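Novice: Just need the structure, nothing else, for what follows:
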Amino acid sequence: MEEEKFGFAHEEDIEEVVRRYERMRKNNETFFFDVSEFETIIDYYLECNNPGKAYDATEAAVHQHPNSLSIQIRQARVLLDKGRAMETLRLLRKLESIEPGNPEIYLIKGTALGMLGDIAGARRMFEIAISSDTEEPEDTMYAVISILQNLNYYEDVVHYMQMLIQREPFFHAHFYDLAFAYEKTGDLTNAARYYEAYLEEEPHSDSAWYNLGIVYNKLEDYNNALKAYDYALAINSVNTFALFNKGNILCNLERFEEALDAYLEYLELEDESPEAMTYIGECYEKTGNYDLARKYFQDAIENTPDFPDAWFGLGVLAFRTGIYNDAVMLFSKCVRLDEQNPEYYHMLARSLYASGRLKDCVRNLKKSLRIDPFFAESWIDIAAILKETGNLTRTIKYFEKARRIVGDVPGLNYILGGCNLAAGKPAIALDYLQQAIETDRELFSDFRTLYPDNLIDDNIRNLTKDI
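Specialist: Have a look, this model is predicted:
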């Protein structure tokens with residue numbers, strides 16, 4: 001309990017000693033506080049995340065009690081909270097010589113070393129801290145885990161969580177923490193495994209179902225992700241994160257009507273969300289209801305005028321309906337709001353092309369590729385435009401130069417393969433195609449039009465038959 005941590009019977013006693021200390025500071029007076037009172041004051045400020053006041057309190061405490069080890073340990077904690085890791089280590093070396101078996105000294109020392117990037121040294125200190133605590137090593141182990149979480153050393157969190165679970169196998173919250181640590185390390189299979197283990201014991205945790213949904217989504221197991229979000233929502237119908245993510249999955253699966261239901265329900269709970277308004281607009285656009293799509297895009301803009309995705313949605317509607325000058329204006333607005341989104345430049349380029357502005361089109365396609373050299377749609381469009389000129393030699397030279405600049409990008413290899421195939425150089429085409437498939441075989445379908453059947457020989461056919 002909180003009052004036990006501070007060593008006081010009642011919260012009022014804590015507040016009283018803090019008030020007395022603050023009155024002393026305000027009036028520039030000198031009151032005497034015993035060691036336990038100063039511990040309470042310092043711990044209070046640390047708990048309140050006020051390192052400045054905690055530091056001042058430790059200065060006063062050390063002045064009144066210069067030989068108190070517990071005060072000096074708190075001084076080390078406060079220095080660390082202020083980011084002064086080297087000073088902390090200097091102080092801890094002195095304290096370690098006074099009381100070498102104190103696990104808290106090694107916990108703080110490990111934290112300081114971790115902050116300085118010496119994770120190997122931090123590990124050594126944490127091992128000493130755990131082995132030094134002969135009474136409650138599990139508590140020290142959990143303190144180590146909390147420190148490592150704050151330092152984002154999740155590989156080590158996994159290690160200590162596994163140790164803790166061996167000691168406390170029936171404490172089910174450990175499964176949740178271990179699952180989260182695995183998720184942070186990218187080990188999604190084990191993350192799902194431990195979230196499931198936790199949910200076997202705690203099936204009514206909507207946060208665990210929600211996290212499991214995220215993991216399944218990352219694993220591209222969309223059906224189980226949707227089930228997990230549905231469980232989370234059955235437990236907590238206002239879990240807006242689960243509702244929003246459910247809508248996103250359904251939209252990505254092109255189940256737009258179901259996605260609409262999720263997004264509309266989300267918007268009832270978060271009625272000023274420009275993201276939800278825009279996604280609702282996208283769903284209506286995908287189902288052909290352009291009037292409602294336009295309404296929601298405009299609602300999003302009215303709510304948040306600088307939200308580029310809503311402007312993009314209006315641009316897509318203008319492009320789809322053949323109003324290309326409006327599309328150019330709207331996509332130009334998008335790139336002014338967000339200069340780092342390759343899709344905005346790509347759709348601006350397409351609108352410019354449809355408006356007959358070929359040079360401006362190519363310039364914007366190149367901008368999209370400078371932002372993201374792997375943006376396949378822009379490579380495809382540049383290839384199509386250059387092939388329209390009928391000068392394959394010039395086209396091949398352009399893409400060979402691009403490949404030297406941006407590297408072994410699969411899109412470029414697919415294009416160079418297709419162009420060399422069209423130029424009557426099947427052996428060179430095969431070489432580029434092999435490199436492209438080795439890098440990203442799934443991308444072949446995007447570039448399939450560059451490989452007409454009447455030009456494909458047996459070697460290329462064998463290479464692509466199972467894609």
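
Novice: what's N239 sitting at in phi/psi?
Specialist: Backbone geometry at N239, expressed as degrees, to the nearest 10, gives phi -80, psi 90.

Novice: which ones are touching it?
Specialist: 206, 210, 232-233 (CB atoms under 8 Å, 6 or more residues apart in numbering). Where you see a C-beta, it was placed from the backbone N, CA and C, and this is true even at glycine.

Novice: Show only the entries of the residues you listed found in helices.
Specialist: 206, 210, 232-233 (DSSP state H).

Novice: From the contacts of N239, pick the one nearest A423.
Specialist: Y210 (53.8 Å; CB to CB).

Novice: So that closest one sits against A232, correct?
Specialist: Yes - contact criterion CB atoms under 8 Å: Y210 and A232 qualify, at 4.4 Å.

Novice: Give me the common contacts of these two.
Specialist: With CB under 8 Å, 6+ apart, Y210 and A232 have common neighbours 239, 242.

Novice: rewinding a little: for the contacts of N239, name the two members farthest from one another.
Specialist: Y210 and L233 (9.0 Å).

Novice: List of residues touching the helix or strand where L267 lies?
Specialist: Element membership of L267, judged by DSSP states H and E, is helix 256-269. With CB under 8 Å, 6+ apart as the test, helix 256-269 has contacts from 238, 240, 243-244, 246-248, 250-251, 273, 276-277, 279-280, 283-284, 286-287.

Novice: Quick check: what element follows it along the chain?
Specialist: Later in the chain than helix 256-269, the nearest helix or strand by DSSP H and E is helix 274-286.

Novice: K367: what's it in contact with?
Specialist: Neighbours of K367 in contact, by CB under 8 Å, 6+ apart: 342, 345.

Novice: Report pLDDT for it.
Specialist: We have a pLDDT of 93 for K367.

Novice: In stretch 411-427, which residues are buried?
Specialist: 411-422, 425-426 (16 or more other CB atoms under 10 Å).

Novice: same check, this time on stretch 427-438
Specialist: Under 16+ other CB under 10 Å, the buried positions of stretch 427-438 are 428-430, 432-433, 435-437.

Novice: Let's see which of the residues you listed end up in helices.
Specialist: Those of the buried residues of stretch 427-438 lying in helices (DSSP H): 428-430, 432-433, 435-437.

Novice: Let's have those residues in a markdown table, adding pLDDT and distance to G101.
Specialist: Shown next, in a markdown table, are those (pLDDT from 0 to 100; distance: CB to CB, whole Å):
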| residue | pLDDT | distance to G101 |
| --- | --- | --- |
| I428 | 92 | 72 |
| A429 | 89 | 72 |
| L430 | 90 | 70 |
| Y432 | 90 | 67 |
| L433 | 89 | 67 |
| Q435 | 89 | 61 |
| A436 | 87 | 62 |
| I437 | 88 | 62 |
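
Novice: okay if I get those as JSON lines plus distance to V335?
Specialist: Putting those into JSON lines (distance: CB to CB, whole Å) gives the following:
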{"residue": "I428", "distance to V335": "36"}
{"residue": "A429", "distance to V335": "35"}
{"residue": "L430", "distance to V335": "38"}
{"residue": "Y432", "distance to V335": "32"}
{"residue": "L433", "distance to V335": "33"}
{"residue": "Q435", "distance to V335": "32"}
{"residue": "A436", "distance to V335": "29"}
{"residue": "I437", "distance to V335": "33"}
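
Novice: what's the closest of those to R124?
Specialist: Distances from R124 to those, taken by CB to CB, are shortest for Q435, at 46.3 Å.

Novice: Secondary structure element holding the residue most central in space within the chain?
Specialist: Closest to where the C-alpha atoms of the chain average out (CA atoms, centre = their mean) is K184, at 9.3 Å. Using DSSP H and E, K184 sits in helix 173-185.

Novice: State the pair within the ones in helices among the buried residues of stretch 427-438 that is farthest apart.
Specialist: I428 and I437 (15.2 Å).
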